[in-house]
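[1] Just to be clear, the model below is a prediction. Sequence and coordinates:
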Amino acid sequence: MINSNQFRHNAHQFVDWMADYLEQVENLPVKSLAKPGEIFEQIPGNPPAETEKIEDIFEDFKKMILPGMTHWQSPNFFAYFPANSSYPSVLAEMLTATMGAQCMIWATSPAAAELEEKTMNWLRSMIGLPQYFTGVIQDTASTATLTALLTARERASNFEINNKGFQNQKFRIYCSSETHSSIEKGVKIAGFGKENLVKVDVDEFYRLDTDKLEMAIQEDIQKGFNPLCVIATLGTTGSTAIDPIKEIAEITLKYKIWLHVDAAFAGSALILDEYRWMINGVEAVDSFVFNPHKWMFTNFDLSAYFVIDKEALIKTFSINPEYLKTNNEGAVNDYRDWGVPLGRRFRALKLWFVIRNFGTNGLKAKIRDHIHFASWLEKEIDKHPNFEIITPRTLNLVCFRYKPANIKDENLLNELNQLLLYRVNETGKVYMSHTKLSEKFTLRMVIGQTNVTEQHVNNAWKLIQQFAEELS
Ligand SMILES: *Cc1c(COP(=O)(O)O)cnc(C)c1O
């Protein structure tokens, strides 16, 4: 085992490596080219009985692990949604790991609880939520949505399901056919049953169709179901469609249904005044989640969950065994009662570093840049005779496909685009992903990595055109 002096020495080495890595990451193959089992086979079957030197482990990290990593912090990463990071975030994460505090209740680290409360207040005002929302950090949006479903369930059953289990309640949950898979997962875990998740059709822009939502609710009421919760998405995964919160809220108010907003990715754009329209109607929302760990330069994981009815949340999750009783109950926030896990990392620290070091203006400038680059790319694609935009861009995601004029067959176009995606990603110079929109194999390019520039986007676009030409 190493001692303090060696730790100091290794840590300095590592920081040099970290700085070099981040400077040079764009030259590495962005998507790992490892084959299944390739890394596994290099690791010995048994753990070492005796100490091994940090230097040796570090060498193996570089030799065996790094080639199996996809470089999410590369500015050539345009796939899925980003999970971006930044210098202030990494620096704070080093402090968090070093202190290794368990921040389950206020008493186990008062600063963690109080900084969490303050940074959530900051975020609330940065994204324009009304003051009567209260924030809490969750690990992921999936957990936050599960938390919303459980709270809605408990409030509607007068907190009886927590005690007795389900007593023939026939709850129904509603979302659009474009919502994230985490909603279905949450519905299953919360005990509602997947069959009670109603996936409502979307309109031509992939937004939840509110007429169809109301029809589905009325039909369910007639059949004796109890409509419990609607989940609206602000920024769908396929195409960043924005469900119309205001119209949905009119329906949920009318039928007294919990309204949860999943803004996991797109929520970061709310710090820009010009995108505040996305939360028109938010006053009537019961809960809201977005992920600073996606597009706010705060490394994974940190999901911000906001609720109006804080008491219902705490009543759903609180536990109070003897060994956790303290004198401060009620006067302070014991966050173990605000969600699923008991144990909690000190996550607020990195968010505090990020917001302070960027400043809200710095954050706004970055997000605006990303949207601007995406807008440039959209225009380029639109101008090109052999490419088409599949659905108009909302933020920084461009959905498009290769469509040479002489090819009309939809199946062939799907195959061509699948092949194009594979070829482009295989170069290691760019990493994109895909989705299906109206049965069309759609290429997705998200421009949200912390250090992405117009040059990276331009290079990626050139590469795509070049490979497309080679295909035909
Ligand atoms: C990414 C995403 C999720 C899942 O987020 P996690 O934090 O990974 O659970 C859910 N919904 C939407 C709309 C997303 O973009």
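    The structure has been received and is ready for your questions.
[2] Next up, the contacts around the one residue in the stretch 251-400 of the chain that gets nearest to the ligand.
    Nearest residue of the stretch 251-400 of the chain to the ligand: residue 264, at 3.3 Å (CB to the nearest ligand atom). Every C-beta, even on glycine, is put in place using the N, C-alpha and C of the backbone. Counting by CB atoms under 8 Å, 6 or more residues apart in numbering, residue 264 makes contact with 81, 141, 180, 235, 289-291, 294, 303.
[3] Quick one: mean pLDDT for the longest helix anywhere in the chain?
    Selection of the longest helix in the chain by residue count, based on DSSP state H, yields helix 348-383. What helix 348-383 shows for mean pLDDT is 98.
[4] how distant is it from the center of its chain?
    With CA atoms, centre = their mean, to the nearest Å as the basis, helix 348-383 stands 16 Å off its chain's centre.
[5] What residues of that helix count as buried?
    Neighbour-count burial for helix 348-383 flags 348-355, 357-358, 363-364, 366-368, 370-371, 373-374, 376-378, 380-381 (criterion: 16 or more other CB atoms under 10 Å).
[6] related to what we said a few turns ago, so which of the contacts of residue 264 are in helices?
    Of these, the ones assigned to helices by DSSP H are 141, 294.
[7] mind exporting stretch 213-232 as CSV, just the C-alpha atoms?
    Output in CSV follows, covering the C-alpha atoms of stretch 213-232 (Å, rounded to 0.1, in the frame of the first residue of the first chain):
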residue,chain,number,x,y,z
LEU,A,213,-54.3,12.6,-24.3
GLU,A,214,-57.6,13.9,-23.1
MET,A,215,-59.5,11.2,-25.1
ALA,A,216,-57.4,8.5,-23.5
ILE,A,217,-58.0,9.9,-20.0
GLN,A,218,-61.8,10.1,-20.6
GLU,A,219,-61.9,6.6,-22.0
ASP,A,220,-59.9,5.3,-19.0
ILE,A,221,-62.3,7.0,-16.5
GLN,A,222,-65.2,5.4,-18.2
LYS,A,223,-63.6,2.0,-17.9
GLY,A,224,-63.0,2.6,-14.2
PHE,A,225,-59.3,3.4,-14.2
ASN,A,226,-57.8,6.1,-12.1
PRO,A,227,-55.6,8.5,-14.1
LEU,A,228,-52.6,9.3,-11.9
CYS,A,229,-49.8,10.9,-13.7
VAL,A,230,-48.9,12.4,-17.0
ILE,A,231,-45.2,12.6,-18.0
ALA,A,232,-44.4,15.4,-20.4
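[8] Centre of the chain to it, how far?
    Centroid displacement of stretch 213-232 relative to its chain, using CA atoms, centre = their mean, is 28 Å.
[9] So for it, what gets flagged as buried?
    Within stretch 213-232, the residues that count as buried by 16+ other CB under 10 Å are 213-214, 216-217, 220, 225, 227-232.
[10] And stretch 80-100, by the same measure?
    80-86, 88-93, 96.
[11] any chance you could map the strands in this structure?
    134-138, 171-176, 197-200, 226-233, 258-262, 287-290, 303-307, 387-391, 397-402, 433-437, 440-446 (DSSP state E).
[12] partner strands of the second one, parallel or antiparallel?
    With DSSP bridges as the criterion, the sheet partners recorded for strand 171-176 are strand 197-200 (parallel), strand 226-233 (parallel).
[13] Likewise for the first one?
    Strand 134-138 sits in its sheet next to strand 303-307 (antiparallel), going by DSSP bridges.
[14] Tell me the gap between the strand it pairs with and the middle of its chain.
    The mean C-alpha position of strand 303-307 is separated from the chain mean by 12 Å, CA atoms, centre = their mean.
[15] Just the buried positions in it, please.
    303-307.
[16] if I pick residue 4, what's in contact with it?
    Residue 4 sits in contact with no residue, where contact means CB under 8 Å, 6+ apart.
[17] Please apply the same query to residue 265.
    Contacts of residue 265 by CB under 8 Å, 6+ apart are 81, 235, 237, 240, 290-291, 294-295.
[18] could those residues be laid out in JSON lines, adding pLDDT and distance to the ligand?
    Listed next are the contacts of residue 265 as JSON lines, based on pLDDT from 0 to 100; distance: CB to the nearest ligand atom, whole Å:
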{"residue": "81", "pLDDT": "95", "distance to the ligand": "5"}
{"residue": "235", "pLDDT": "97", "distance to the ligand": "6"}
{"residue": "237", "pLDDT": "95", "distance to the ligand": "5"}
{"residue": "240", "pLDDT": "96", "distance to the ligand": "9"}
{"residue": "290", "pLDDT": "98", "distance to the ligand": "9"}
{"residue": "291", "pLDDT": "98", "distance to the ligand": "5"}
{"residue": "294", "pLDDT": "98", "distance to the ligand": "6"}
{"residue": "295", "pLDDT": "98", "distance to the ligand": "10"}
